[in-house]
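# Got a predicted structure plus its sequence, pasted below:
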Protein chains: 2
Amino acid sequence: MSELPHILVVDDHREIREAMTRYLKKNGMRATSARDAVDMDAKLANGRYDLIVLDVMMPGEDGLSVCRRLSASGSMPILMLTALGGETDRIVGLEIGADDYLSKPFNPRELVARIKSILRRSTKVEPFAGKLSGRRIAFADWILDTDSRVLSNAEGMQIDLTGSEFKLLTILLEHPRFVLSRDQLLDLSTGRAPSVFDRTIDNQISRLRRKIELDPSRPRIVTTVRGGGYCLAADVRELS
Amino acid sequence: MSELPHILVVDDHREIREAMTRYLKKNGMRATSARDAVDMDAKLANGRYDLIVLDVMMPGEDGLSVCRRLSASGSMPILMLTALGGETDRIVGLEIGADDYLSKPFNPRELVARIKSILRRSTKVEPFAGKLSGRRIAFADWILDTDSRVLSNAEGMQIDLTGSEFKLLTILLEHPRFVLSRDQLLDLSTGRAPSVFDRTIDNQISRLRRKIELDPSRPRIVTTVRGGGYCLAADVRELS
DNA sequence: AGCGCCTGTTACACTTCGTTACAAATCTCT
DNA sequence: AGAGATTTGTAACGAAGTGTAACAGGCGCT
């Protein structure tokens, strides 16, 4: 299991943003593009990003204004793209809170090096166990300790979950009785997009069931919705 | 950083370094200059600095070598000065741990903006030991005395941590329940960028676990997230 | 009933991680 | 300054975890 950093590339030139996202994807990152500030805001409202690459010159709301806004509202790292010679833009951007800048045209290798350097210094926006962090969670006959990743039951049985099993289970526990598709589960647990005939989640669910179901061949806790995905079919309660 | 940041400017051209230090002093900073690596080392041995501005092209030991050395020995922020078009120098510098670069000739205002941007970033990640000297930190069954670097528990057991173990632990303690990648931990604890198959952090974590975990082969305090890094899985509290 | 699709499972290859041992670097003491 | 002790980083090996491929069985539609 590996969580890839997710980069949002905001640039009004389609060729540029497509080339950038392609290159970032080739270098161990998820990349999503937005053509302007409005598109960016919509993307930010619907997803979680680790860093924004932001063009200064854009129609509508310009990059400096966006940078000011983002810096004021949180700790999202920002790498700004400026025109060659756009020195004032660079200075003002840095002064209002951008983490770095790069002048167009730029070497994509430098873009990746700069992004990695910024990410090295920033923390993720979410703890590993998400909203359940630090809690003990009761469901079915199990109690999950989210710190130790240990499942225990009334008979005193204790089961260690692997990282992947644990992540998958916490995602299901955060949405009791909701069907989550395989693509959703893959995205939420690993951040990667599915390949063509991806069976990763099925395999992990099988492994999880082997650990938590009374009879894994007739699952009662993690149920399958054919054509839909998987569902945590139990009440969920926090113990502490 | 309660008082004015102190910048060390390393450049072999006297006019340049004098102009820089003068300008920095006019902009709310203390500034000291050094003409080469030897002079810089002497200055570093006798004083404390918040950031180094480092020219790439210097007689004697060159800037890239100095950068590599400084990154390896601590978390001193470095802003590198490159010749116009010195792109390879920039990329390699960033890859070995420099925080930023600037091409000569540059606008002094941009220099100040960049220095401030770096300082803004670096003060954000100051570990307990730096900012909260004299504190005692409680986590799991341990109490850490940040002055003495001694861990103690309710049974009266006392454990001395080495410098590296202590630094690593305080970084984890600063971000309870967040996954910190190996690259992040390496950067935050030593300031250097990872080599290709770097296992330094793994080894240090193994050593730390041997000291603090009940059963180091089944760690409960410092947990591993496969493909992600390490996580301090406990509540953290300051005692004084 | 037949067929195609969907799902569960097993096995295996590969990746990642833990640990040990040793060399190199650093620290401490005389 | 030098010797010894301690700490830290690197290399190697083995264990654990993960994703892919293949096969079989079940389900739903015609």
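Sure, I can see it. Numbers count the residues shown, from 1 in each chain, chains lettered A, B, ... in the order given.

# Please provide the alpha-carbon coordinates for the helix or strand of chain A with the lowest mean pLDDT, formatted as PDB.
Scoring the helices and strands of chain A by mean pLDDT, DSSP states H and E places helix A:87-95 at the bottom, with a mean of 78. The C-alpha coordinates for helix A:87-95 follow below in PDB (Å, rounded to 0.1, in the frame of the first residue of the first chain):
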ATOM      1  CA  GLU A  87      10.300  39.100 -11.200                       C
ATOM      2  CA  THR A  88       7.700  41.300  -9.400                       C
ATOM      3  CA  ASP A  89       5.200  38.500  -9.600                       C
ATOM      4  CA  ARG A  90       7.700  36.100  -8.000                       C
ATOM      5  CA  ILE A  91       8.600  38.500  -5.200                       C
ATOM      6  CA  VAL A  92       5.100  39.400  -4.400                       C
ATOM      7  CA  GLY A  93       4.000  35.800  -4.500                       C
ATOM      8  CA  LEU A  94       6.700  34.800  -2.100                       C
ATOM      9  CA  GLU A  95       5.900  37.700   0.100                       C
END
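
# Flag every residue of chain A that's near DNA strand D.
A:1-2, A:160, A:162-165, A:190, A:195, A:197-200, A:203-204, A:226 (CB under 7 Å from any atom of the strand). No exception for glycine: its C-beta is placed from N, CA and C like everyone else's.

# quick one: the least confident helix or strand of chain A to chain centroid distance?
Centroid separation between helix A:87-95 and its chain, computed with CA atoms, centre = their mean, to the nearest Å, is 30 Å.

# Then stretch A:179-196?
11 Å.

# First-to-last residue distance for it?
21 Å (CA to CA, to the nearest Å).

# Can you say which helix or strand has A:A31 in it?
strand A:30-34 (DSSP states H and E).

# Now the helix or strand that that strand is followed by: buried residues?
Moving toward the C-terminus from strand A:30-34, the next helix or strand (DSSP H and E) is helix A:37-46. Residues A:37, A:40, A:43-44 are the ones in helix A:37-46 that count as buried (16 or more other CB atoms under 10 Å in any protein chain shown).

# Now pLDDT too, for the residues you listed, in a markdown table please.
A markdown table is the format used below for these (pLDDT from 0 to 100):
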| residue | pLDDT |
| --- | --- |
| A:A37 | 92 |
| A:M40 | 93 |
| A:K43 | 90 |
| A:L44 | 87 |
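
# what domains does the record give for chain A?
A:6-120, A:130-238 (automatic domain parsing).

# Least confident of the ones you listed, on average?
Lowest mean pLDDT of the domains of chain A: domain A:6-120, a mean of 86.

# quick one: it near chain B?
Yes. Among the residues of domain A:6-120, A:87, A:90-91, A:94-95, A:97-100, A:107, A:109-110, A:113-114, A:116-117, A:119-120 lie within reach of chain B under CB under 8 Å from any CB of the partner chain.

# Could you work out the end-to-end span of that domain for me?
14 Å.

# do the same with stretch A:121-136
31 Å.

# swap in stretch A:129-146?
End-to-end for stretch A:129-146, by CA to CA: 7 Å.

# same thing with stretch A:183-202?
End-to-end for stretch A:183-202, by CA to CA: 11 Å.

# List the contacts of that stretch.
A:1-4, A:6, A:30, A:164, A:167-168, A:171-172, A:180, A:182, A:229-230 (CB atoms under 8 Å, 6 or more residues apart in numbering or on different chains).

# For chain A, which segments count as helices?
A:14-26, A:37-46, A:63-73, A:87-95, A:108-120, A:163-174, A:182-190, A:200-212 (DSSP state H).

# Save those helices as CSV, and put in distance to B:L151 too.
Below are the helices of chain A laid out as CSV (distance: least, CB to CB, whole Å):
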stretch, distance to B:L151
helix A:14-26, 42
helix A:37-46, 42
helix A:63-73, 38
helix A:87-95, 41
helix A:108-120, 28
helix A:163-174, 26
helix A:182-190, 34
helix A:200-212, 34
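
# most packed of these?
The highest mean neighbour count among the helices of chain A, using mean count of other CB atoms under 10 Å in any protein chain shown, belongs to helix A:163-174: a mean of 23.

# and the angle for it with helix A:182-190?
120 degrees (axes from the mean of the first three to the mean of the last three CA atoms, to 10 degrees).

# do helix A:163-174 and chain B meet?
Yes. Counting by CB under 8 Å from any CB, chain B has neighbours in helix A:163-174: A:163-164.

# Please save the CA atoms from that helix in PDB.
Below are the C-alpha coordinates for helix A:163-174, written out as PDB (Å, rounded to 0.1, in the frame of the first residue of the first chain):
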ATOM      1  CA  GLY A 163      -1.600  -1.700   7.100                       C
ATOM      2  CA  SER A 164      -3.800  -2.400   4.000                       C
ATOM      3  CA  GLU A 165      -6.400  -4.400   5.900                       C
ATOM      4  CA  PHE A 166      -6.600  -1.800   8.600                       C
ATOM      5  CA  LYS A 167      -7.000   1.100   6.100                       C
ATOM      6  CA  LEU A 168      -9.700  -0.700   4.200                       C
ATOM      7  CA  LEU A 169     -11.500  -1.500   7.500                       C
ATOM      8  CA  THR A 170     -11.400   2.000   8.800                       C
ATOM      9  CA  ILE A 171     -12.800   3.300   5.500                       C
ATOM     10  CA  LEU A 172     -15.700   0.900   5.700                       C
ATOM     11  CA  LEU A 173     -16.200   1.700   9.400                       C
ATOM     12  CA  GLU A 174     -16.400   5.400   8.600                       C
END
